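A.B. asks: generate a structure from the sequence data that follows.
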Amino acid sequence: MFEITTADDGTIRLRGRFDASQVASASSVFDRVSDSCAVDLSELSYISSAGLGLLFATQRRLVDAGRGLRLTHLNPHILEIFKIAGFDRIFEIE
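C.D. replies: Predicted structure coming up:
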């Protein structure tokens with residue numbers, strides 16, 4: 001199961017398993033992001049290369065406009081995936 005929501009303050013929250021089958025629904029949210037925002041990963045249990053790719057594409061688009069995503073509340077397993085992929089050098093991670 002995967003769920004993506006946007007809070008009133010603009011924070012995007014990801015819950016569950018973010019894999020290739022969820023990229024289309026997540027794209028509909030991330031494609032509308034035009035300003036810097038936080039992405040809360042506290043309830044994310046899994047992310048595939050397809051999910052990482054969508055986050056990277058969004059980050060690249062935002063950085064080109066002087067903005068970016070801030071990833072928050074990564075559990076140790078998800079943080080390790082981001083470090084292995086080198087994404088800890090691409091994203092601001094809190």
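A.B. asks: what's the lengthiest helix in the chain packed up against?
C.D. replies: Among the segments of the chain that qualify as a helix by DSSP state H, the longest is helix 49-64. With contacts taken as 3 or more Cβ pairs under 8 Å, 6 or more residues apart in numbering; DSSP states H and E, helix 49-64 sits against helix 23-30, strand 69-72. Every residue, glycine included, has its C-beta placed from N, CA and C.
A.B. asks: in it, which residues are buried?
C.D. replies: By neighbour count on 16 or more other Cβ atoms under 10 Å, the buried set for helix 49-64 is G51, L54, L55, F56, T58, Q59, L62.
A.B. asks: residues contacting the first one?
C.D. replies: Taking Cβ atoms under 8 Å, 6 or more residues apart in numbering as the contact definition, G51 lies against F18, D19, A20, Q22, V23, A26.
A.B. asks: any stretches of this protein with poor pLDDT?
C.D. replies: Nowhere does the chain drop to pLDDT under 70.
A.B. asks: and the residue nearest the centre of it?
C.D. replies: The C-alpha lying nearest the average C-alpha coordinate of the chain belongs to L55 (Cα atoms, centre = their mean; 4.7 Å).
A.B. asks: just checking, that one touches L74?
C.D. replies: No - using Cβ atoms under 8 Å, L55 is not in contact with L74, being 11.7 Å away.
A.B. asks: re the thing from before, now render the helices and strands packed on helix 49-64 as TSV, adding mean neighbour count and distance to D9.
C.D. replies: Putting the helices and strands packed on helix 49-64 into TSV (neighbours: other Cβ atoms under 10 Å; distance: least, Cβ to Cβ, whole Å) gives the following:
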stretch	mean neighbour count	distance to D9
helix 23-30	14	15
strand 69-72	19	12
